[in-house]
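Novice: Below: sequence and its predicted model.
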Amino acid sequence: MTAGVTHWRIERYDTLDSTSDVCGLRAAAGEPAGLMVLAGRQTSGRGRAGRQWNSPEGNFYGSVLLRPNMPAGQGGWYALLAGLSLIEALDPALPTPGVIALKWPNDVMAGGAKLAGILLDATIENGLIASLVIGVGVNLAAAPDVPGRATTSLASLGGTMTPEDLAPSLCARLDHWLGKLAFDSEPLRQAWIARAHPEGTALTVDGGRRSGTYAGLDKDGALLLREDGRVVALRGGDVSLI
């Protein structure tokens, strides 16, 4: 697995269609790992499952480019790594420790309200992840209305952080966990579990097609869901807290 990035290159723009689309184009053109693209606002931000990511000014919109060169089947570790890195980068800005937690695989939540989301886009060549774009959106100043979903902002939680402050902090935490993951995935798994909602939290998956309670992560980072008296490992799906 790829070790940490030696040197991060942070590029800032006033407005972009999508920071992830720009990173993807740069990846296709041969850009090396370690690029972060930031935008003051996005006009076509993307969330999971094709949802639009509303992008008012003052929030964080950024994407990073990595070159994992690892088997595609192990790419799920990067989803966990991204969420853990982000929550650790946000911690210093909050007055109350532990007020935010991770929801599998990488949403940052305050109770049942979403503070931040992450979207991964990968290109696969010969069974290996040739490039990976990690798109990050954080409600720093404002929480846009999302039909059917509760949202919150860092400001409403009593925290203060600018996009310019978050960018280098996020790069530093990504670098830390990339270095760890290069040798062993278990520290990442344990650290993610420590920052997740408690075991026994009620969950639904894919709009209620499955439901149960959170039972941790398996050794490969898959979500463990306890349902109907048994524990199953899920490697994909849209998870919601009840």
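Specialist: Structure received. Keep in mind that what you see is a predicted model, and the values were worked out from it rather than measured.
Novice: how about the helices of the protein, start to end?
Specialist: 19-28, 76-90, 163-181, 186-194 (DSSP state H).
Novice: And those helices: which comes nearest L65?
Specialist: L65 lies closest to helix 19-28 among the helices of the chain, at 4.8 Å (Cβ to Cβ). C-beta here means a position set from N, CA and C on the backbone, and glycine is covered the same way.
Novice: mean confidence score for the closest one?
Specialist: For helix 19-28, the per-residue pLDDT values average out at 97.
Novice: what residues go with each domain of the chain?
Specialist: 9-197, 199-242 (automatic domain parsing).
Novice: Could you count how many residues lie near R226?
Specialist: 16 (other Cβ atoms under 10 Å).
Novice: Quick check: bridge partners of it?
Specialist: Counting by DSSP bridges, R226 forms beta bridges with T213, V231.
Novice: I'd like the distance between the nearest residue to L224 once chain neighbours are set aside and R226.
Specialist: Excluding its sequence neighbours, the residue lying closest to L224 (Cβ to Cβ, 6 or more residues apart in numbering) is A215, at 4.0 Å. Taking Cβ to Cβ, to the nearest Å as the measure, A215 and R226 are separated by 4 Å.
Novice: hang on, V64 packs against I134?
Specialist: Yes - V64 is in contact with I134 according to Cβ atoms under 8 Å; the separation is 5.0 Å.
Novice: re the thing from before, any idea which of the helices of the chain is most buried?
Specialist: helix 76-90 (a mean of 24; mean count of other Cβ atoms under 10 Å).
Novice: distance between the lengthiest strand in the chain and the chain's centre?
Specialist: Ordering each strand of the chain by length in residues (DSSP state E) puts strand 113-125 first. Strand 113-125 has its C-alpha centroid displaced from the chain centroid by 6 Å (Cα atoms, centre = their mean, to the nearest Å).
Novice: Count the residues that sit near N139.
Specialist: 26.
Novice: likewise G212?
Specialist: G212 has 20 nearby residues by other Cβ under 10 Å.
Novice: cool, the one 4 residues further on as well?
Specialist: Counted with other Cβ under 10 Å, the burial measure for G216 works out to 16 neighbours.
Novice: For it, which non-adjacent residue is closest in space?
Specialist: In space, G216 is closest to L224, 4.9 Å off (Cβ to Cβ, 6+ apart).
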